[in-house]
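J.: the following block contains a protein sequence and its predicted model.
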Amino acid sequence: MMHNSRKILVFLGVVFAAASCATPRTTEVVTLAATTESWNGTTLPAYPEGNPEVTILRISIPPKTRLKTHLHPVINAGVMLKGELTVVSEKGDTLHLKAGDSIVELVNQWHYGENESKTKSAELIVFYAGIEGNPFTIAKE
């Protein structure tokens, strides 16, 4: 019968041998966005004073759905996970997003998003860099 410490050493030897034969993996980092401007070229504002609060939302927009016109008083950015979305500013600037695209949103500018697909939902993750207790989205009445 093999002694426990010897069993452990044999086991570790097998693990290390297997690891040394394995194909090394490389971590891949892809920058999706790095900018000082929103998607329509407007310079992003300074961060407001206050206690920072980061909010991350997963948003699913059903087919044939137009979101209410709204604005964001804080810097935010997102990534489309699936589907397509058209974003339109009150000034008429338009951005068409598809899965994999990133967006640095408009700040303090009225706009809306629309999923024009007849059958597929649009899904995105959005990160808001806000201030605790303050809204990160305001709907136009």
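T.: Nice, I can see it.
J.: residues of stretch 36-52 that come out buried?
T.: Going by neighbour count (16 or more other C-beta atoms under 10 Å), the buried part of stretch 36-52 is 38, 39, 40, 42, 44. In short, each C-beta sits where N, CA and C put it, glycine included.
J.: who touches it?
T.: Outside stretch 36-52, the residues that touch it by C-beta atoms under 8 Å, 6 or more residues apart in numbering are 35, 73-75, 87, 89, 91, 93, 95, 103-109, 129-134.
J.: try it again at 7 Å.
T.: 75, 89, 93, 95, 103-107, 109, 129, 131-132 (C-beta atoms under 7 Å, 6 or more residues apart in numbering).
J.: in a markdown table: these, plus distance to residue 57, secondary structure and neighbour count.
T.: Listed next are the contacts of stretch 36-52 as a markdown table, based on distance: C-beta to C-beta, whole Å; DSSP: H, G, I helix; E, B strand; the rest coil; neighbours: other C-beta atoms under 10 Å:
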| residue | distance to residue 57 | secondary structure | neighbour count |
| --- | --- | --- | --- |
| 75 | 14 | strand | 19 |
| 89 | 20 | strand | 19 |
| 93 | 23 | coil | 16 |
| 95 | 19 | strand | 18 |
| 103 | 13 | strand | 21 |
| 104 | 16 | strand | 20 |
| 105 | 12 | coil | 24 |
| 106 | 16 | coil | 23 |
| 107 | 16 | coil | 16 |
| 109 | 19 | coil | 15 |
| 129 | 13 | strand | 16 |
| 131 | 17 | strand | 16 |
| 132 | 16 | coil | 8 |
